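*Asks:* Sequence first, then the predicted structure, then my questions.
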Amino acid sequence: MIDYFEGLSPDEQENVKRSIQLLYRQTFLLERKYDRKNRRVHLNRDYYQCEKHLEFVRAYFALVDVDVAENSQMGVIFLRGEQLIGEKLPKLATLYILILKLIYDEQMSAASSQAEAVTTLGEIHEKLGGYRILKKQPSETEVRRTIGLLKKYQLVEPLDVLEELDGRSRLMIYPSILMVLQGDDARAMVKSFEEGEDDGDESDI
């Protein structure tokens, strides 16, 4: 493993380091990301750099019993493993992930040719209200913090300015949401929240 790294050029070594740092920090690397400046989805150079050196990156994380998986169909490279200790998520973030997963599934099944899934905060809160799992309306600060956290982990991309969030604010849902929860798991968790089985305030990602 060391021989492989030392045999790379200085630029390639930096690329490998960046891939490892990005995966460690955000869990997911996406092949396609939204560029707000150009207002379009573009191919992500970091994804291809990681894919190019994927076996080395896998060997690096294997040292701490963390698996590096790739779903090439969805364009996602991600970390998984029992030794991967995630950040504690507020309950609101967990609820958002559940609803975003359900919305993503609905949009992808409704239009097989659709490349991206886009929703609004209004739709998220409407579905949360429909499932009766949001006991009170979250504050703007809570919502902004939650969206920022999901953006950090490459689960969503705000298409509008975070500081001006309202019900019309749009969010692109990345396919990495599929790696967090399977469809049946999401629906089971929604049901558990409806039935009041989970009163905790935090969960892991």
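*Replies:* All right, it came through fine. Residues are numbered from 1 along each chain as shown.

*Asks:* thought Gly122 was touching Arg168?
*Replies:* Yes - with contact defined as C-beta atoms under 8 Å, Gly122 counts as touching Arg168 (6.4 Å). For the C-beta atoms, the positions are set from N, CA and C on the backbone; glycine is no exception.

*Asks:* Would you mind splitting this structure into its domains for me?
*Replies:* Following automatic domain parsing, the chain resolves into domains at 2-80, 88-204.

*Asks:* Run through the residues that contact the residue nearest the centre of the chain.
*Replies:* Centroid check for the chain by C-alpha atoms, centre = their mean gives Leu155 as the closest residue, at 2.3 Å. Neighbour list for Leu155: Phe28, Ile97, Leu100, Ile173, Tyr174, Ser176, Ile177, Val180 [criterion: C-beta atoms under 8 Å, 6 or more residues apart in numbering].

*Asks:* again, only using 7 Å
*Replies:* Ile97, Leu100, Tyr174, Ser176, Ile177, Val180 (C-beta atoms under 7 Å, 6 or more residues apart in numbering).

*Asks:* what's the distance between it and Val161?
*Replies:* Applying C-beta to C-beta, to the nearest Å, the value for Leu155 to Val161 is 19 Å.

*Asks:* Then His53?
*Replies:* Taking C-beta to C-beta, one finds His53 at 35 Å from Val161.

*Asks:* So for the two, which sits in the more crowded spot?
*Replies:* Between His53 and Val161, counted using other C-beta atoms under 10 Å, His53 has the larger neighbour count: 20 against 9.

*Asks:* Any regions of this protein where pLDDT drops low?
*Replies:* By pLDDT under 70, the low-scoring segments of the chain are 82-88, 111-114, 181-205.

*Asks:* Run through the strands of it in chain order.
*Replies:* Applying DSSP state E to the chain gives strands spanning 28-30, 32-35, 40-43, 67-71, 76-80, 88-90, 117-120, 156-158, 170-173, 202-204.

*Asks:* Give the buried residues for the second one.
*Replies:* Meaning strand 32-35. For strand 32-35, burial by neighbour count (16 or more other C-beta atoms under 10 Å) applies to Arg32, Lys33, Tyr34.
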